[in-house]
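> following is a predicted model, sequence given first.
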Amino acid sequence: MQLPAQPEFTPAWNRIRSELLRIVGESTFEIWLAALRPTMWDGSRLVLEAPPQIQPWVAKRYGAVLERCAQAVLGAGAQVICTAVSPITTSGAPATTHAGQQPTESSATLLDQPLNPRYTFEQFVIGDGNRLAHAAALAVAELPGQAYNPLFIHAAPGRGKTHLLQAIANYAQEYGGGTRVRYTTVEGFTNQFITSLSARASAEAFKRLYRDADVLLIDDVQFLASKARTEEEFFHTFNAIYENGRQLVFSCDRLPRQLVGLQERLRERFESGLVVQIDAPDLRTRLAILKKRAALDRVPITDSRVLELIASRVTDNVRSLEGALIRLVAHHSLTRRQIDLALAREVLDQIHPAQPSAKPSLASIQTAVAAHFEIAEEALRSASRASRVAWPRQLAIHLARDLTDASLAQIGAAFGGRNHATVLYACRRVSERVLIDPQAAADLQALSELLSHGQDDHRS
């Protein structure tokens, strides 16, 4: 019998998930299908577990789609059985609500967390706030156990920690030539450890599952605090992998030294490798994330100001940013209204209302204009007179004079040391052009609205 606990099944399950994503779309997948877990594959039947509250709906509404995707990957004869996750029985094995399809103890309790096939390095948008973390993660994926070990990624929730961890796992599985990869959360590690203590012969199987890994990635290690027995097992797992020259990667919402509820010896081990931070995405990065997500999901957005509005309103993390886009698409699907600036404002006013704030800085104006025209910020400060640079520069100078209290000399200095006469000329050219060029007027209006919310990339 082939079981998902074996490494060779994980790529097949990831391909099935990719098929599901392609057919049902991101929002439906995240709501109904992302929580599915494979518990058994015997060559003809694939048993999936779903949370009990959604299992009946998933089995009825998506059973045929699940089977079609499984057959595309596993073969025409594959059957899919969807069961509900049940509490652990006294024997340590989960009970099942599907009669006659009880998963075996080892397959039900010792599973990897499934990987999101979209969490790859190609789909990760690089910006100033995450550049170091991305480079370190890629180095670890290419040379596990040799580059940075352990790698400790910390950031506030929703900024891409899980994406980077799973990108490492997906890369190692695809290009690692049989590399044994284990990805889990501390919650998953804890639940499996507790289950292994009460199940027959499971303790050794649990140790093998994690300590035999070539690359072990564990999410949210802050939840180890106050779990004495799990922490002890985690410590020995860390040592077993590290001493054998294998790769460890962790994510956390704080620095190792801030994990006050954790033993000192573990904090020291976390700090013994490379500790990298992911900062909040700046405006340019937020806009790039939205553009990539819209392209992936084939969202029909024809007005670039829609994405610019979302990027200006949602500033804290990537999850909220993508959630705002999903909410906008949901309103479009349910109401059949076109995705335009009016609908975007209506949706965002409910969840991310505009906040009155200080005037924008000269740096934030340059960032917004460069992102709008897809040019480098340095070009706005350069001596280039190319039309693709000259017009955005003039527009940025006009906005700087209109929206800030900076003097002509300060504005000129911020744009490459230009004198006050050049600043006045740029403002006059913009005023003249917007009267005869509708696109120029639209550009000015879009950027004025974007910057009126006071979004600053904190580089002023």
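Nice, thanks for sending it over.

> drop to CA atoms for contacts and neighbour counts, all remaining ones
Will do.

> average model confidence for the strand or helix carrying Asn191?
Using DSSP states H and E, Asn191 sits in helix 186-198. In this model, helix 186-198 has a mean pLDDT of 84.

> output the contacting helices and strands for that helix.
helix 105-109, helix 202-211 (3 or more C-alpha pairs under 8 Å, 6 or more residues apart in numbering; DSSP states H and E).

> between it and helix 202-211, how many degrees?
Calculated by axes from the mean of the first three to the mean of the last three C-alpha atoms, to 10 degrees, helix 186-198 forms an angle of 150 degrees with helix 202-211.

> what's near enough to touch Arg337?
Each residue near Arg337 by C-alpha atoms under 8 Å, 6 or more residues apart in numbering is listed here: His331, Leu343.

> now do it against Asp214, distance only.
50 Å (C-alpha to C-alpha, to the nearest Å).

> what of Asp349?
The gap separating Asp349 from Asp214 is 48 Å, by C-alpha to C-alpha.

> neighbour count: those two, which is higher?
Asp214 (22 against 12; other C-alpha atoms under 10 Å).

> surely the more buried one touches Gln247?
Yes - here Asp214 reaches Gln247: they are 6.2 Å apart, a contact under C-alpha atoms under 8 Å.

> what do these two both touch?
Common neighbours of Asp214 and Gln247 (C-alpha under 8 Å, 6+ apart) are Pro144, Ile241.

> circling back: ok, of the helices and strands packed on helix 186-198, where does mean pLDDT dip lowest?
Ranked by mean pLDDT, these end with helix 105-109 at the bottom, a mean of 33.

> mind giving me the packing neighbours of whichever helix or strand comes after it?
Helices and strands here follow DSSP H and E; after helix 105-109, the next one along the chain is helix 131-142. On a contact count with 3+ C-alpha pairs under 8 Å, 6+ apart, helix 131-142 meets strand 151-154, helix 161-175, strand 274-277.

> the first one pairs with which strands, parallel or anti?
Based on DSSP bridges, the strands next to strand 151-154 in the sheet, each with its direction, are strand 247-252 (parallel), strand 274-277 (parallel).

> deepest of those, which one?
Greatest average neighbour count among the strands paired with strand 151-154 goes to strand 247-252 (a mean of 25), per mean count of other C-alpha atoms under 10 Å.

> what's the angle from it to helix 131-142?
Angle between the axes of strand 247-252 and helix 131-142 is 150 degrees (criterion: the same axes, to 10 degrees).

> centre of the chain to the next helix-or-strand element following strand 247-252, how far?
Using DSSP H and E, the helix or strand that follows strand 247-252 in sequence is helix 264-271. Mean-position distance between helix 264-271 and its chain equals 27 Å (C-alpha atoms, centre = their mean, to the nearest Å).

> only C-alpha atoms, please: export helix 264-271 in PDB.
Backbone C-alpha positions of helix 264-271 (Å, rounded to 0.1, in the frame of the first residue of the first chain) are rendered in PDB as follows:
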ATOM      1  CA  GLU A 264      17.400  29.500  26.400                       C
ATOM      2  CA  ARG A 265      19.000  26.600  24.600                       C
ATOM      3  CA  LEU A 266      16.500  26.700  21.800                       C
ATOM      4  CA  ARG A 267      16.700  30.400  21.400                       C
ATOM      5  CA  GLU A 268      20.400  30.100  21.100                       C
ATOM      6  CA  ARG A 269      20.100  27.500  18.400                       C
ATOM      7  CA  PHE A 270      17.700  29.700  16.400                       C
ATOM      8  CA  GLU A 271      20.200  32.500  16.600                       C
END
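
> low-scoring stretches of the stretch 51-200 of the chain, by residue?
Across the stretch 51-200 of the chain, the ranges flagged by pLDDT under 70 are 85-113, 199-200.

> before we move on, back to that, which parts of the helix holding Asn191 are buried?
Within helix 186-198, the residues scored as buried using 16 or more other C-alpha atoms under 10 Å are Val186, Gly188, Phe189, Thr190, Gln192, Phe193, Ile194, Thr195, Ser196, Ser198.
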